[in-house]
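Visitor: below: sequence and its predicted model.
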Amino acid sequence: MTIDNVIGVQKFHTAPTPRVGGVAIGFALLIFTLFLSGSNKDIFTLVIVSSIPMVTFGFIEDITGEIGPKIRLFAALISGFIFVNWSGYIVSNIQFPILNRLFLITPIAIIITTIALAGLANAVNIIDGYHGLACGSVAIMFSAFAMLAYRAEDYPLVAFAIAHMAATIGFMLVNFPFGRLFLGDGGAYYLGFALGVNIVMLIERNHEISPWTAIIVLAYPLIETLYSMYRKWLTPGHRPDRPDRIHFHHLLYRSQVSPRLNKYGLKTYANPVSGALMWSFPILSAICAQIGFGNIILSVVMFFGLIALYLISYATLGFLATRKQKVH
C-alpha cells in the first residue's frame, strides 16, 4: 500500500517505489532524542510532538492516497499552532518597518507564524520532484542553519540542525541516485516543518541574526512555492492545490537535462541529474546567508537578487522547453 506507482502528473520514476522514507528519518531522530538531555532534548521533543498531526495525515496519504491537500494543509496548520503555543516562539520582528507593527499584536503574530510553518511544510513537498532534489536541498539548508547557529553560539540549535541534516543524508543514500525509497508526504512535510521551526527559533533566540539573513537559506522552496501559486492562479485550467509539470525542476529536465543525456543513451539518469543540478540554488542561498550575516541591507539585496535569478532562469528554461516542443 505504500508503493508509489509511475502514473500521475508529476511521476518521473520508472518503477513502483516505496514512499515511506519519512518513517526512517523519524526513527533516526527519535533514537537520537533518547540520548539527549536538557534544552537539547526539550527542543527535539517539542518539534517531534508538534509535528504528529501533520505527519500522521501525510503518512496516511502515503499509504492510501486518499487524503486531499486541504486536509493535509489543515493538519499542518494544527502542527504549527501546537508548536507556537507550546513553545512560545513566534516571529516578532521581520525588520520591515511598516509590517513590524502587525507583529507587535500577539494574536496576529501567532496566526502568521502558524501559517508560515504550514507553508514551509508544503514547500518541501512541492520541490520533492526528482531523486535527491528535496533531501539534498534540505540537507544543504540545515547545514546553513547549523553554521548560522554556530556563529551565534546557539549550540542547541546547532545540534538540532546537524541531527536533521545527518538523518536526511542517511535517507539520501537510499533515495539518490536510483530512487529506491521516496520521502513521501509524511517525510517531506516533517522536514519542511523542521526547517520552519528552525528559522523561527533561530531568529527569536538570536537577535543578531536578521530574519532576512535566515530567510535567504529557504529562498529556493519559498520562491518556488509562492511563484507556483501565482502562476497557477493566472493560468486557465490550473489550480494552486493541484500538481502540474511546469515547476522549475520540470523545465530544467525537459529543456536541458533529458535531451542532452538522451543523445548519449543516458536518459535514465536524467532524473537524478536534474535533482543534483537543482542543488545549485540552495547552495548559492547558503553561501549568501553566510555572507549576509550581521548585515541587514546586504541580506535584503541578496534575497531579492535570488528572486530575480529564479524568475529570469525560469523564464529562460520555459522558453527553451517550449521551443524544443515545437521543434519535435
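Guide: Perfect, I can see it now.
Visitor: how far does stretch 175-185 sit from the chain's center?
Guide: Mean-position distance between stretch 175-185 and its chain equals 15 Å (Cα atoms, centre = their mean, to the nearest Å).
Visitor: swap in stretch 118-127?
Guide: Mean-position distance between stretch 118-127 and its chain equals 5 Å (Cα atoms, centre = their mean).
Visitor: what about the strands in this structure?
Guide: Remark: strands assigned in the chain by DSSP state E are 3-4, 17-18.
Visitor: helices or strands up against the helix ranked longest in the chain?
Guide: Secondary structure of the chain per DSSP state H: the longest helix is helix 296-327. Helices and strands touching helix 296-327, by 3 or more Cβ pairs under 8 Å, 6 or more residues apart in numbering; DSSP states H and E, are helix 211-217, helix 219-234, helix 248-252, helix 280-291. Quick note: C-beta positions are derived from backbone N, CA and C, even for glycine.
Visitor: now do the second one against helix 296-327, angle only.
Guide: Read it as helix 219-234. Using axes from the mean of the first three to the mean of the last three Cα atoms, to 10 degrees, one finds that helix 219-234 and helix 296-327 are set 50 degrees apart in direction.
Visitor: please identify which of the helices and strands packed on helix 296-327 is closest to Phe182.
Guide: helix 248-252 (15.2 Å; Cβ to Cβ).
Visitor: keeping just the C-alphas, turn that closest one into CSV.
Guide: What follows is helix 248-252, C-alpha atoms only, in CSV (Å, rounded to 0.1, in the frame of the first residue of the first chain):
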residue,chain,number,x,y,z
PHE,A,248,11.4,24.9,-12.3
HIS,A,249,12.9,21.4,-12.0
HIS,A,250,10.5,20.1,-14.6
LEU,A,251,11.6,22.8,-17.1
LEU,A,252,15.2,22.0,-16.4
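Visitor: contacting residues around it?
Guide: In this structure, residues lying in contact with helix 248-252 by Cβ atoms under 8 Å, 6 or more residues apart in numbering are 10, 127, 129-130, 133, 224, 274-275, 277-278, 310, 313-314, 317-318, 320-321.
Visitor: buried subset of these, written for PyMOL?
Guide: Selecting only the buried entries of the contacts of helix 248-252 in PyMOL, with 16 or more other Cβ atoms under 10 Å as the criterion:
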select buried, resi 127+129+130+133+224+274+275+277+278+310+314+317+318+320+321
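Visitor: okay, and for this structure, where does confidence drop off?
Guide: Residue ranges of the chain with pLDDT under 70: 1-15, 324-328.
Visitor: so what's the residue sitting nearest the centre point of it closest to, chain neighbours aside?
Guide: The chain has Val124 as the residue nearest its centroid, 2.9 Å off, counting by Cα atoms, centre = their mean. Closest residue to Val124 apart from its sequence neighbours, by Cβ to Cβ, 6 or more residues apart in numbering: Gly192 at 3.3 Å.
Visitor: which residues does the one you found contact?
Guide: By Cβ under 8 Å, 6+ apart, the neighbours of Gly192 are Leu120, Ala121, Asn122, Ala123, Val124, Asn125, Val138, Pro221.
Visitor: which two of these have the greatest separation?
Guide: Across the contacts of Gly192, the longest distance by Cβ to Cβ is 13.8 Å; it joins Asn122 and Val138.
Visitor: pick out whichever of these two has more residues nearby.
Guide: Neighbour count, other Cβ atoms under 10 Å: between Asn122 and Val138, Val138 has more, with 30 against 22.
Visitor: how close does the more buried one get to Met201?
Guide: 17 Å (Cβ to Cβ, to the nearest Å).
Visitor: and Phe281, by the same measure?
Guide: Phe281 sits 24 Å away from Met201, taking Cβ to Cβ as the criterion.
Visitor: one more: Gly22?
Guide: Remark: distance between Gly22 and Met201 (Cβ to Cβ) = 21 Å.
Visitor: check Asp154 too.
Guide: Asp154 is 8 Å from Met201, by Cβ to Cβ.
Visitor: repeat for Phe145
Guide: Taken as Cβ to Cβ, the span from Phe145 to Met201 is 10 Å.
Visitor: so between those two, which is more surrounded?
Guide: Neighbours were tallied for Phe145 and for Met201 using other Cβ under 10 Å; the higher tally belongs to Phe145 (29 against 22).
Visitor: in space, what's closest to the more buried one - neighbours in sequence excluded?
Guide: Excluding the flanking residues, the one nearest Phe145 by Cβ to Cβ, 6+ apart is Ala161, at 4.3 Å.
Visitor: done for today, thanks.
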